[in-house]
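Engineer: The amino acid sequence is not available; the structure is as follows:
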């Protein structure tokens, strides 16, 4: 079996991204979890951040509440898209810092469920090999 060498990608430079293949995530540093995560109201309900009855509330009010709670950093009212807050190091707020695994995997947003088939470079991901434990 031929060993495949994949260079480390820069999330901000799409041309450095690796073509996605099954199993690539197993030893990745979860670089995709440093990209902005755009979610819709259904995602917020699945994540249990809002209740279904809040759908009747103006989305701007929901965005304001989630922003105060540190969950949403931006709301695009025209498209009804919320952008989840990232930590100071750029990680998604739902990414475990030690294991680099998603803490809400079963409830993750559609954006995450469909990556890398959709996103800035469909079919490619910002693969970076996990660093050895220290």
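Structural biologist: Noted; the coordinates are in hand. Worth saying up front: this structure is predicted, and the values here are computed from it rather than measured. Numbers count the residues shown, from 1 in each chain.
Engineer: how about the helices of the chain, start to end?
Structural biologist: 41-46, 59-68, 110-113 (DSSP state H).
Engineer: Rounded mean pLDDT for the second one, please.
Structural biologist: Confidence over helix 59-68 (mean pLDDT, whole number) is 97.
Engineer: Enumerate residues external to that helix that contact any of its residues.
Structural biologist: Residues outside helix 59-68 that contact it (Cβ atoms under 8 Å, 6 or more residues apart in numbering) are 41, 44, 49, 50, 54, 72, 73, 75, 77, 80, 82. (Glycine included, C-beta is placed from N, CA and C.)
Engineer: for it, the distance to its chain's centre please.
Structural biologist: 20 Å (Cα atoms, centre = their mean, to the nearest Å).
Engineer: what's the closest non-adjacent residue to residue 55?
Structural biologist: Residue nearest to residue 55 in three dimensions, not counting chain neighbours: residue 41, with 6.2 Å by Cβ to Cβ, 6 or more residues apart in numbering.
Engineer: ignore the last one, residue 47
Structural biologist: Spatial nearest neighbour of residue 47, chain neighbours left out: residue 107 (5.2 Å); criterion: Cβ to Cβ, 6+ apart.
Engineer: Same check on residue 52?
Structural biologist: Excluding the flanking residues, the one nearest residue 52 by Cβ to Cβ, 6+ apart is residue 45, at 5.6 Å.
Engineer: returning to what we had before: quick one: neighbours of the residue nearest to residue 55, just the number.
Structural biologist: Using other Cβ atoms under 10 Å, residue 41 has 17 other residues around it.
Engineer: Now the buried members of the contacts of helix 59-68.
Structural biologist: Applying 16 or more other Cβ atoms under 10 Å to the contacts of helix 59-68, the neighbour count classes 41, 44, 49, 50, 54, 72, 73, 75, 82 as buried.
Engineer: Thank you kindly, that will do.
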